[in-house]
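# please work out how this folds:
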Amino acid sequence: MGVAVRRKAMVKFPSLHRFQRRTSTAPHESHCAQVSRSVRPWPVFVALELLIACLCCSLSWGQPTPRPAETLHIAAASDLQPVLPPILKRFERETGIHPEATYQASAALTAQIQNGAPFDIFLSANLSYPKWLIYAGLADTRGIDGAQSGAPVIYARGALVLWTRNDSHWPHPSLVTLRDPALRRLAIANPERAPYGRAAMATLTSLKLLDLLKPKLVTAENIAQTAQFAETGNADAGLISMTSAQTPHLQAIGTAFVIPKDLYPPIEQGAAILSKTSARVSAEKFLNYLLSPPIQKELAQSGLAPVK
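Predicted coordinates:
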């Protein structure tokens with residue numbers, strides 16, 4: 001009776017009979033075949049990856065790993081900011097040594113060095129600050145061409161100029177400009193921190209104008225900020241460095257008058273190597289590079305009188 005029922009069911013539901021025929025023909029073998037077909041390509045890809053890895057290893061085998069460029073940290077006076085960057089780039093191309101400069105007033109840099117700032121070289125805007133560091137045992141000039149024991153190396157001489165905007169009341173400045181009652185604000189660098197500020201004060205003293213102009217002085221932190229005060233109109237004129245005045249921007253918008261050098265003491269800019277440097281050889285190489293005739297010529301074109 002059970003057989004008869006099943007036969008009736010197959011007649012009534014023919015799709016059930018087809019389903020039973022499909023599921024009865026080795027379902028396990030059919031599943032394995034599908035898995036096999038889906039897995040079969042992977043060994044090929046694995047073999048290709050291994051082959052590529054072997055080829056890469058064979059190409060790099062025996063080649064030395066490139067050493068990272070050594071970094072030279074330079075404490076540089078603010079008047080060098082318009083001058084030094086192209087020199088640093090050329091030095092890196094020629095030597096593979098990467099120099100990085102921090103630009104501030106010489107007094108501020110001296111204080112940082114005294115407090116342990118990790119500089120390798122000090123490029124001051126005068127001689128007194130590096131000389132003091134040498135005396136304190138924090139710097140020296142060993143390995144620099146022409147160096148004298150206990151003294152900084154003079155790498156350049158600076159010049160002070162009076163700069164005004166072309167659209168100001170004084171498009172052609174001179175010493176007469178300093179005596180003009182219409183001059184209300186004169187920018188100078190901080191004489192307590194910047195050598196160019198002391199040169200400006202010496203100039204006003206020599207001209208017997210210090211008492212007259214003292215209430216009109218706008219004091220900047222360093223010589224770069226002094227130029228910015230004059231450029232932006234925060235001051236009517238500025239006693240700034242020749243290096244700042246000869247930048248393309250300031251040449252385009254203003255005019256500089258060179259202050260006679262007998263009105264202020266010479267601005268002799270000195271350098272020294274920090275005693276705790278870990279890049280001694282590179283530091284010596286850079287300072288000798290700075291003193292080389294081609295670079296001295298470039299300094300002269302940028303407003304610094306060469307020493308060689």
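# and the most centrally placed residue in the chain, how far from Phe119?
The residue at the geometric middle of the chain, judged as the C-alpha nearest the mean C-alpha position with C-alpha atoms, centre = their mean, is Glu100 (5.0 Å). With the distance defined as C-beta to C-beta, to the nearest Å, Glu100 ends up 10 Å from Phe119. Heads up, the C-betas are built off the backbone N, CA and C, glycines and all.
# ranges for the helices of the stretch 51-200 of the chain?
Using DSSP state H, counting those that start in this stretch, the helices of the stretch 51-200 of the chain run over 84-95, 106-114, 128-135, 175-179, 195-206.
# repeat for the stretch 201-308 of the chain
210-213, 223-232, 242-245, 248-253, 280-290, 293-301.
# which of those sits closest to Phe91?
Counting by C-beta to C-beta, Phe91 lies closest to helix 280-290 out of the helices of the stretch 201-308 of the chain; the figure is 5.7 Å.
# pLDDT at Ile87, what is it?
For Ile87, the pLDDT comes out at 97.
# ok, it to Val161 distance?
Taking C-beta to C-beta as the criterion, Ile87 is separated from Val161 by 22 Å.
# who has more neighbours, the two?
The residue with more neighbours, out of Ile87 and Val161, is Val161; 23 against 20, by other C-beta atoms under 10 Å.
# so what are the domain limits for the protein?
What the record gives for the chain is the domain set 71-157+267-301, 160-258, from automatic domain parsing.
# out of these, flag the one nearest Lys308.
domain 71-157+267-301 (4.9 Å).
# wait, Leu127 touches Pro266, no?
No: using C-beta atoms under 8 Å, Leu127 and Pro266 do not qualify as a contacting pair, with a distance of 9.4 Å.
# comparing the helices of the stretch 51-200 of the chain, which comes out most buried?
When you average the neighbours per residue for each of those (mean count of other C-beta atoms under 10 Å), helix 195-206 leads with a mean of 23.
# so for that one, what's the average pLDDT?
Over the span of helix 195-206, the pLDDT mean works out to 98.
# now the angle from that helix to helix 223-232?
Using axes from the mean of the first three to the mean of the last three C-alpha atoms, to 10 degrees, the interaxial angle of helix 195-206 with respect to helix 223-232 works out to 70 degrees.
# quick one: helix 195-206 to chain centroid distance?
For helix 195-206, the separation from the chain centroid amounts to 30 Å (computed by C-alpha atoms, centre = their mean, to the nearest Å).
# between Leu127 and Pro266, which one's more packed in?
Taking neighbours as other C-beta under 10 Å, Leu127 and Pro266 compare with Leu127 leading, 20 against 14.
# name the nearest residue to Lys308, ignoring sequence neighbours.
The spatial neighbour of Lys308 that comes closest, neighbours along the chain excluded (C-beta to C-beta, 6 or more residues apart in numbering), is Gln296 at 4.9 Å.
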